[in-house]
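>>> Okay, predicted coordinates and the sequence, questions at the end:
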Amino acid sequence: MIATKPEVDGKRGLVKTLISPHPLADTLPALFQEDDFTQRFISAFDAALAPVFATLDNLPAYLDPWLAPEDFLEWLAGWFGMALDESWSLDRRRALVAKAFDFYRMRGTAGGLRAQLELLTGGTIELHETGGVSVSTTAGAALPGSPNFALLVRVTVDDPATVNAGRLNALVAAAKPAHVTHKVEVVKRAEVKDVVEVTSE
């Protein structure tokens with residue numbers, strides 16, 4: 001069980017009902033253990049240290065995206081250079097942080113970009129590239145694809161208003177090769193031909 005809790009200002013604080021597993025009064029000489037004032041004075045330190053002990057006892061849970069307190073997800077995401085949107089559901093934010101390592105392992109590939117966008121938007125992703133790869137034993141063979149190096153990302157969702165187009169565009173810009181231009185289209189699932197929102201670079 002995670003003992004500490006988020007406060008209004010974003011900092012973690014005391015938990016009134018939490019008891020320290022290592023009371024400081026037990027370490028005092030017998031003379032002070034019998035003194036009521038000393039016992040009450042020391043108990044204030046126990047209240048402050050109890051959340052620290054509880055956090056250390058549960059440290060693995062803080063580092064697990066599926067178990068960490070909600071306000072710790074942003075901190076965990078920061079390890080991967082990710083910024084979470086508070087408008088996303090808690091499950092989606094947890095899944096994004098949990099998959100971060102896999103996303104970085106597949107970074108720069110069409111499959112990696114598609115997987116990240118699917119989790120980010122909850123929609124269907126279509127990638128249209130002008131490039132290509134081929135193998136030839138003949139020197140000077142024609143290069144595959146088109147010379148304009150462009151990428152079209154079409155995201156099909158039920159409600160385009162739920163997608164942050166600016167964040168989506170920034171994610172695609174960071175994932176694609178620097179020399180490739182791109183365009184992002186967000187379309188409504190029922191009306192795939194109707195482009196609702198377009199961002200490009």
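Here it is on my side, so go on. Numbers count the residues shown, from 1 in each chain.
>>> going forward, measure contacts between C-alpha atoms and count neighbours the same way
Noted.
>>> Counting neighbours, what do you get for the closest residue in space to Val157 that isn't next to it in sequence?
Nearest non-adjacent residue to Val157, counting by Cα to Cα, 6 or more residues apart in numbering: Gly123, 4.7 Å away. Neighbourhood size, Gly123 [other Cα atoms under 10 Å]: 21.
>>> now swap in the one 5 residues further on and tell me
In terms of burial, His128 registers 13 neighbours under the definition other Cα under 10 Å.
>>> For Val97, which residues are in contact?
65, 73, 76-77 (Cα atoms under 8 Å, 6 or more residues apart in numbering).
>>> Give me the three-state assignment for it.
The three-state assignment at Val97 reads helix, by DSSP: H, G, I helix; E, B strand; the rest coil.
>>> Next: Phe53.
helix.
>>> Quick check: the gap between it and Ser43.
15 Å (Cα to Cα, to the nearest Å).
>>> okay, Leu67: pLDDT?
Note for Leu67: predicted pLDDT of 90.
>>> so where do the strands sit in this structure?
124-129, 150-157, 181-188, 191-200 (DSSP state E).
>>> From the contact counts, what lies against the first one?
Right, the one you point to is strand 124-129. helix 110-121, strand 150-157 (3 or more Cα pairs under 8 Å, 6 or more residues apart in numbering; DSSP states H and E).
>>> Quick one: list the elements packing against the shortest one.
Packing partners of strand 150-157 (3+ Cα pairs under 8 Å, 6+ apart): strand 124-129, strand 181-188.
>>> So in that sheet, which strands flank the shortest one, and in what orientation?
Strand pairing for strand 124-129, determined by DSSP bridges: strand 150-157 (antiparallel).
>>> between the strand it pairs with and strand 181-188, what angle do the directions make?
Strand 150-157 runs at 20 degrees relative to strand 181-188, counting by axes from the mean of the first three to the mean of the last three Cα atoms, to 10 degrees.
>>> which outside residues touch strand 150-157?
121-131, 180-189, 192.
>>> follow-up on the earlier one: where does the residue nearest to Val157 land on pLDDT?
For Gly123, pLDDT reads 86.
>>> what's the answer for Glu191, then?
57.
>>> what's the answer for Val198, then?
46.
>>> likewise Gly145?
Gly145 is given a pLDDT of 67.
>>> One more: Val155?
90.
>>> and the closest residue to Trp66 other than its chain neighbours, how far is that from Leu73?
Nearest residue to Trp66 in three dimensions, chain neighbours excluded: Arg94, at 5.8 Å (Cα to Cα, 6+ apart). Separation of Arg94 from Leu73 (Cα to Cα): 7 Å.
>>> what about Leu151, how many residues close to it?
Neighbour tally, Leu151, other Cα under 10 Å: 20.
>>> cool, Leu28 as well?
Neighbour tally, Leu28, other Cα under 10 Å: 14.
>>> are any of the contacts of Val97 buried, and which?
Buried members of the contacts of Val97, counted by 16 or more other Cα atoms under 10 Å: 65, 73, 76-77.
>>> okay, the residue most central in space within the chain: pLDDT?
Nearest residue to the geometric centre of the chain (Cα atoms, centre = their mean): Val97, 3.6 Å. Looking at Val97, its pLDDT stands at 89.
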